[in-house]
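> the following block contains a protein sequence and its predicted model.
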Amino acid sequence: MTFCSSIHVIEHQGATPILVDVEEDTLNIDESKIEAAITPQTTAIMPVHVYGHPCDVDRIQKIADNYGLKVIYDAAHAFGVQCHGGSVLNHGDLSVLSFHATKVFTTFEGGAIVCPDAKTKQRVDHLKNFGYVDETIVVAPGINGKMNEFSAALGLLHLGVLLDPVDAFDDDLLDLGQDRDDLALETLGLAGDHADEITLLHVQLALRLRCWLLCRLLGHLRAPPERAR
C-alpha cells in the first residue's frame, strides 16, 4: 500500500511510477514481484513500511544492489520502529518520515528525511530552503520546505513524552485539566501480524496523545511568566 503523494513526487520529476502489488498479510510490497517491474529506465525502489511493519529490507537491498538501484523508504508510519537490532530508518539510501497529525509522533504537519551521509543532508537542506547556502548565496532551485517554529515546539514537547515512557495510557488523558509530565507510549511497537488491529491501535493511540499534547502546549502558552521579586 502507498499514498498518492508518493506517486505525485515521481510524476513531478517527469518519471513514470510502476506499482508493485503487496503481500496480503503485511500489506507491504511483495518482494517477489519487484524484479518483474524493473525496466532499463528504473532508478529506484520506493517501498512502504506499512503501519510500522518493516519491509524485508535485506531482500529489497539485494535486488537493488543487483540492478544498481537506489532504495527510498516511505517510513511515514515507522517512527521508533526497530529492525535487526537498530532503527529501521538505517536501511536504504533514504527514509522519509511523516509528522502529520495522524502519526504516532507528530508536529501537526511536517516530516523528516533520514540521510546516510553529510553530503546528502546538505543537498536536502538546500532543496528545502530555496537553495540557500547562506543569506546571500543560492546554489540550486529549491522550495520552502522548512518547519515552522510552532510545529517544532510541538515536536520537541512530543519527543520528550516519547522518551519518558510509562506503563500504559490512563482513561483520564482526555481530561482537559489533567497536567501529566510522565506520559508516554509503552505500546509504540505497532508491528504485528494483523494489519487491521495495528491500524486501530495506531489511530487510538494517536488521537489520545494528540489531545493530551495540545492541552499541554496550550497550557504552556497561557501560563503567565513569573515576575521577578
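Cool, the structure landed. Numbering: from 1, shown residues only.
> touching, Asp21 and Lys33? I think so.
Yes. The pair Asp21 / Lys33 is scored as a contact, 5.7 Å apart, by CB atoms under 8 Å. Where you see a C-beta, it was placed from the backbone N, CA and C, and this is true even at glycine.
> tell me who's in contact with Asn144.
Listed by CB atoms under 8 Å, 6 or more residues apart in numbering, the contact set of Asn144 reads 128-130.
> out of the residues you listed, which end up buried?
Among the contacts of Asn144, those classed as buried by 16 or more other CB atoms under 10 Å are Lys128.
> reformat the contacts of Asn144 as TSV; add pLDDT, secondary structure and distance to Gly145.
Shown next, in TSV, are those (pLDDT from 0 to 100; DSSP: H, G, I helix; E, B strand; the rest coil; distance: CB to CB, whole Å):
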residue	pLDDT	secondary structure	distance to Gly145
Lys128	89	helix	3
Asn129	89	strand	7
Phe130	92	coil	9
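> with distance to Ile60 as added columns, please give the contacts of Asn144 in TSV.
Converted to TSV, the contacts of Asn144 look like this (distance: CB to CB, whole Å):
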residue	distance to Ile60
Lys128	26
Asn129	31
Phe130	34
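> could you give me the average pLDDT of stretch 152-170?
Across stretch 152-170, the average pLDDT comes to 63.
> and the strands in the protein?
Assigned by DSSP state E, the strands in the chain fall at 44-45, 70-74, 82-83, 86-87, 94-98, 111-114.
> for the fifth one, which strands pair with it and how are they oriented?
As defined by DSSP bridges, the strand partners of strand 94-98 come to strand 70-74 (parallel), strand 111-114 (antiparallel).
> now what about the shortest one, what contacts it?
Going back to what we said before, that points to strand 111-114. 75-76, 89, 94-100, 124.
> recalculate using a threshold of 10 Å.
Applying CB atoms under 10 Å, 6 or more residues apart in numbering, the external contacts of strand 111-114 come out as 72-73, 75-76, 79, 87-92, 94-100, 103, 105, 120-121, 124-125, 127-128, 145, 147, 155.
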